[in-house]
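Q: got a structure for you, letters missing:
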């Protein structure tokens, strides 16, 4: 799966590497997400998104996560979680998820629907373990510390149980560290600012037989 | 149901009306939401929240909505939607919902779990219709226009079908205007900035036999 794999074929011209949309006549949703990340880069919270999942009783759950970049050469979003979190339990029960990602500065929203694959410490795949390790290495020391905190969502533990610094073993990801890979199957892009003609613009993207389809719709 | 209805009894002193937390020794989640709204009031997007619902196939959905205030004298959150939207269909199938509300400036998140009651144009309740009408009156003219746009999520209609101004009938809410009332049953408050002792603070609130319970937990 490549960045330019959309239903609208590009015109065959050599793409301009400075233009993220140049590789195709209709920019893919991925280019648009990258453009939004770039345009909103002055806001650190623009890397925060909301992930909805469903529990075993069929009830929805929703929380903020940090976007950890796309898995290189794919359209998969990287997220991280703790193996002791309820969200992992929910994802193991049902992999279906929807991200809502609102960019404040450019006033646009991406709703990204797909399935999530959790890469836990005991995932058998060698490539997947390398991806898990790669993300761990990318985290800051203070970012890594969270995975050594006491059991989430149980009664607040004594402060002494929150380590101040990383253990010597932290060159490897701890058992609690889980990489989540969300593979999109549909994207819904809403621009509240409009395009000068329409008051708001909304465009849908969805996978059909491995190809991205797209349609402009009413908001 | 009143603002001060928590499990932690207040000390019996007369509350200071200037202090939103004064009516009880442990401030309720509602006071904390109001405090967050106040502290983040310079950011217009702090009134945007993400609402997760579930469709008839059990898949989660997630989108940004504008918080329209609490229904007076209650803990119910007011939201608005279009009767032609998929979210109304989902809510009519399953009323369970979870809001994720992240405040950028104060770096805190509220996850508000509850059930949603839709107040549509043909809801039989007189009080509910008054509430629906009340919210409609509070919207700006440009805000009201959205409910006169063409059918959402169908192929983009001609620009001429997006009205530039309100019809004469707009003193009453149109058929498409739906008030959503979310009644919380649990709230999960996370403060990323911590309290000077703990690196982050997380407190749960949940209803038990009509009384709000609360517990500090690990993030």
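A: Nice, thanks for sending it over. Please read these numbers as outputs of a predicted model, since none were measured by experiment.
Q: For burial, what's the neighbour tally of residue A:158?
A: 7 (other CB atoms under 10 Å in any protein chain shown). All C-beta spots, glycine's among them, are computed from the backbone N, C-alpha and C.
Q: show me what contacts it?
A: Contact partners of residue A:158, counting by CB atoms under 8 Å, 6 or more residues apart in numbering or on different chains, are absent.
Q: Likewise for residue A:193?
A: Taking CB under 8 Å, 6+ apart as the criterion, residue A:193 is in contact with A:106-108, A:200.
Q: cool, and residue A:162?
A: Contacts for residue A:162 (CB under 8 Å, 6+ apart) come out as A:149-150, B:198-199.
Q: If any of the residues you listed are buried, give me the PyMOL selection for them.
A: Per 16 or more other CB atoms under 10 Å in any protein chain shown, the buried members of these correspond to this PyMOL selection:
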select buried, (chain A and resi 149+150) or (chain B and resi 198+199)
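Q: Among the contacts of residue A:162, find me the one that's closest to residue B:57.
A: Taking CB to CB as the measure, residue B:57 lies nearest residue A:149 of the contacts of residue A:162, at 35.9 Å.
Q: Where is the longest strand in chain A?
A: strand A:177-191 (DSSP state E).
Q: hmm, back to that, which of the contacts of residue A:193 fall within strands?
A: Within those, residues falling in strands by DSSP E are residue A:108.
Q: what about the strands in chain A?
A: For chain A, the strands defined by DSSP E cover A:48-54, A:60-66, A:77-82, A:96-103, A:108-119, A:177-191, A:201-208, A:211-217.
Q: Now mean neighbour count too, for those strands, in JSON lines please.
A: Putting the strands of chain A into JSON lines (neighbours: other CB atoms under 10 Å in any protein chain shown) gives the following:
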{"stretch": "strand A:48-54", "mean neighbour count": "25"}
{"stretch": "strand A:60-66", "mean neighbour count": "21"}
{"stretch": "strand A:77-82", "mean neighbour count": "22"}
{"stretch": "strand A:96-103", "mean neighbour count": "25"}
{"stretch": "strand A:108-119", "mean neighbour count": "21"}
{"stretch": "strand A:177-191", "mean neighbour count": "21"}
{"stretch": "strand A:201-208", "mean neighbour count": "18"}
{"stretch": "strand A:211-217", "mean neighbour count": "16"}
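Q: Mind putting the ones you listed into CSV with distance to chain B and mean pLDDT?
A: CSV is the format used below for the strands of chain A (distance: least, CB to the nearest CB, whole Å; pLDDT from 0 to 100):
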stretch, distance to chain B, mean pLDDT
strand A:48-54, 4, 99
strand A:60-66, 4, 98
strand A:77-82, 10, 98
strand A:96-103, 4, 98
strand A:108-119, 5, 98
strand A:177-191, 8, 98
strand A:201-208, 8, 97
strand A:211-217, 4, 96
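Q: Same list, the ones you listed, but as JSON lines with distance to residue B:212 please.
A: Putting these into JSON lines (distance: least, CB to CB, whole Å) gives the following:
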{"stretch": "strand A:48-54", "distance to residue B:212": "25"}
{"stretch": "strand A:60-66", "distance to residue B:212": "20"}
{"stretch": "strand A:77-82", "distance to residue B:212": "27"}
{"stretch": "strand A:96-103", "distance to residue B:212": "28"}
{"stretch": "strand A:108-119", "distance to residue B:212": "32"}
{"stretch": "strand A:177-191", "distance to residue B:212": "32"}
{"stretch": "strand A:201-208", "distance to residue B:212": "39"}
{"stretch": "strand A:211-217", "distance to residue B:212": "42"}
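Q: quick one: the lengthiest helix in chain A to strand A:177-191, angle?
A: If you go by DSSP state H, chain A has its longest helix at helix A:126-138. Using axes from the mean of the first three to the mean of the last three CA atoms, to 10 degrees, the inter-axis angle of helix A:126-138 relative to strand A:177-191 is 80 degrees.
Q: what's residue A:139 sitting at in phi/psi?
A: As for residue A:139, its main-chain torsions (degrees, to the nearest 10) stand at phi -70, psi 150.
Q: Number of residues surrounding it?
A: 18.
Q: same thing with the one 3 residues further on?
A: Using other CB under 10 Å, residue A:142 is surrounded by 10 other residues.
Q: In contact with the residue nearest the centre of chain A, which residues?
A: Nearest to the mean C-alpha position of chain A, counting by CA atoms, centre = their mean, stands residue A:77 at 3.6 Å. Neighbouring residues of residue A:77 by CB under 8 Å, 6+ apart: A:67-68, A:70-71, A:99, A:112, A:181-182, A:184.
Q: Could you rerun that using 10 Å?
A: With contact set as CB atoms under 10 Å, 6 or more residues apart in numbering or on different chains, residue A:77 has these partners: A:30, A:33, A:49, A:51, A:65, A:67-71, A:97, A:99, A:101, A:112, A:114, A:116, A:180-184.
Q: so what strands line up beside the longest strand of chain A?
A: The strands that strand A:177-191 pairs with in its sheet are strand A:77-82 (antiparallel), strand A:108-119 (antiparallel), strand A:201-208 (antiparallel) (by DSSP bridges).
Q: So for residue A:168, which of those sits nearest?
A: strand A:77-82 (20.7 Å).
Q: if we can go back for a sec, adding distance to residue B:205, write the strands paired with strand A:177-191 out as TSV.
A: Output for these, formatted as TSV (distance: least, CB to CB, whole Å):
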stretch	distance to residue B:205
strand A:77-82	22
strand A:108-119	28
strand A:201-208	36
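Q: re earlier: which member of the contacts of residue A:162 is positioned nearest residue B:160?
A: Closest approach between these and residue B:160, by CB to CB: residue B:199, at 56.1 Å.
Q: Retrieve the pLDDT associated with the closest residue to residue A:177 other than its chain neighbours.
A: Closest residue to residue A:177 apart from its sequence neighbours, by CB to CB, 6 or more residues apart in numbering or on different chains: residue A:147 at 4.9 Å. Note on residue A:147: pLDDT of 98.
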